[in-house]
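Chemist: What follows is a predicted structure for the sequence shown.
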Amino acid sequence: MSTPDRMLSILDLFRDDTTAAFQEDVMAHLECSRATAYRYLKSLTESGLLAPTSGGAYVLGSRIIELDRHLRQHDPLMRAARDVMRATGDELHANLMLCSYYGDKVMCVDRYWTDNSIESSYARGRPYTMFHGATAKPILANLPPYQLRNLMLWHSAEIREAGLGEDWDEFRANLKRLRNAGVYVSHGEIDRGLIGIGSAIFSPEQKVVGSLVFIAAEARTSEERLDILRARIQVAAAQVSQNLQAPQSNGAAAIGIMPSRPRRSKTPAGSSPARLKK
């Protein structure tokens, strides 16, 4: 891992259960000296990505807020989906999520909510596993083989637990079925009592960049309603994909987000990643 990668990986310490990070946390995370941890923290603080607080703790800095505002205004995927989500949600009185992914995580990047009686734990900015739900599986099913192999190598236990396959051949066959279906419907995989109906979004180069998902209450969704949502999510996702091909107002090409490849989890001592058949 390069020096910039090591330094930026300090941001991984900030999770839902983390209020602050300390120099000792950085030393343990990077297995580095106190001097190296101090140097990295100093650089991140000067850039505004971190901010020192009392007791030697560090919290996320104000630059994060600035970057989030820029993302909401200029992100190609969000801009391509915004009008589609509003028009589709209003017409069908339906809730929609727009999701992207990075590494081995899928994340809600935008929501359009018309029915506030439905509550979902899938808040904007909260990362989730790549192996559960209608937000993730349409993305997973359309990843290129080399990325799927990396996921199988480093997340084989999670893949088995999700029922996606005991080995590489079964995993690949299950994803082919999901990909050919075009739409994935989940029942309570993320939140009990909720249905997700999702379809993939593609860049002009036909690389998967995200998913568009209806979120509905299972108890209030008839088979007829489900059929309508299943058909309409494909239409809406295709429209977002088409919008990504149009030039942005500032003249920049409307390329989709190009996510990073799946991240390698730290392997416990004495263990090794799964081996795949060629």
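Modeler: Good, I have the coordinates.
Chemist: hey, let's count contacts and neighbours off CA atoms from now on
Modeler: OK.
Chemist: avg pLDDT for the longest helix along the chain?
Modeler: Secondary structure assigned by DSSP state H gives helix 223-243 as the longest helix of the chain. For helix 223-243, mean pLDDT is 97.
Chemist: Next: stretch 25-43.
Modeler: The model assigns stretch 25-43 a mean pLDDT of 95.
Chemist: who's in contact with it?
Modeler: Outside of stretch 25-43, the residues within contact range by Cα atoms under 8 Å, 6 or more residues apart in numbering are 6-7, 10, 23-24, 50.
Chemist: For those, pick the one with the most neighbours.
Modeler: Counting neighbours by other Cα atoms under 10 Å, Leu50 leads the contacts of stretch 25-43 with 23 neighbours.
Chemist: my guess is that one contacts Ala57, does it?
Modeler: No: using Cα atoms under 8 Å, Leu50 is not in contact with Ala57, being 10.1 Å away.
Chemist: what's the closest non-adjacent residue to Val208?
Modeler: Phe202 (4.4 Å; Cα to Cα, 6 or more residues apart in numbering).
Chemist: Check Gly55 and give its pLDDT.
Modeler: Value for Gly55, per-residue pLDDT: 91.
Chemist: cool, Ser121 as well?
Modeler: Value for Ser121, per-residue pLDDT: 87.
Chemist: burial count for it?
Modeler: Neighbours of Ser121 (other Cα under 10 Å): 8.
Chemist: same check, this time on Thr18
Modeler: 9.
Chemist: how much space between it and Gly210?
Modeler: Distance from Thr18 to Gly210, counting by Cα to Cα, to the nearest Å: 27 Å.
Chemist: And Leu151, by the same measure?
Modeler: Leu151 sits 17 Å away from Gly210, going by Cα to Cα.
Chemist: Looking at those two now, which is surrounded by more residues?
Modeler: Between Leu151 and Gly210, Gly210 has the larger neighbour count (other Cα under 10 Å), namely 33 against 23.
Chemist: Now the more buried one: closest residue in space, sequence neighbours ignored.
Modeler: Leaving aside its chain neighbours, Gly210 sits nearest to Ser100 (4.2 Å; criterion: Cα to Cα, 6+ apart).
Chemist: What separation is there between that neighbour and Cys108?
Modeler: Going from Ser100 to Cys108 by Cα to Cα gives 7 Å.
Chemist: try Gln206
Modeler: Counting by Cα to Cα, the separation of Gln206 from Cys108 is 21 Å.
Chemist: next one: stretch 201-214 to chain centre, how far?
Modeler: 12 Å (Cα atoms, centre = their mean, to the nearest Å).
Chemist: coming back round to it: which helices and strands does the longest helix of the chain pack with?
Modeler: Under the contact criterion of 3 or more Cα pairs under 8 Å, 6 or more residues apart in numbering; DSSP states H and E, helix 223-243 touches helix 76-92, strand 194-202, strand 208-217.
Chemist: For Leu212, list the residues it contacts.
Modeler: Contacts for Leu212 (Cα under 8 Å, 6+ apart) come out as 96-99, 135, 198-201, 233, 236-237.
Chemist: Phi first, then psi, for Gly188.
Modeler: Torsion angles at Gly188 (phi, psi; degrees, to the nearest 10) stand at phi 70, psi 20.
Chemist: Name the helix or strand of the protein that has the lowest mean pLDDT.
Modeler: Least confident helix or strand of the chain, by mean pLDDT, DSSP states H and E, is strand 127-129 with a mean of 89.
Chemist: Gln206 and Cys108 - which one has more neighbours?
Modeler: Taking neighbours as other Cα under 10 Å, Gln206 and Cys108 compare with Cys108 leading, 23 against 11.
Chemist: Which secondary structure state does that one sit in?
Modeler: strand (DSSP: H, G, I helix; E, B strand; the rest coil).
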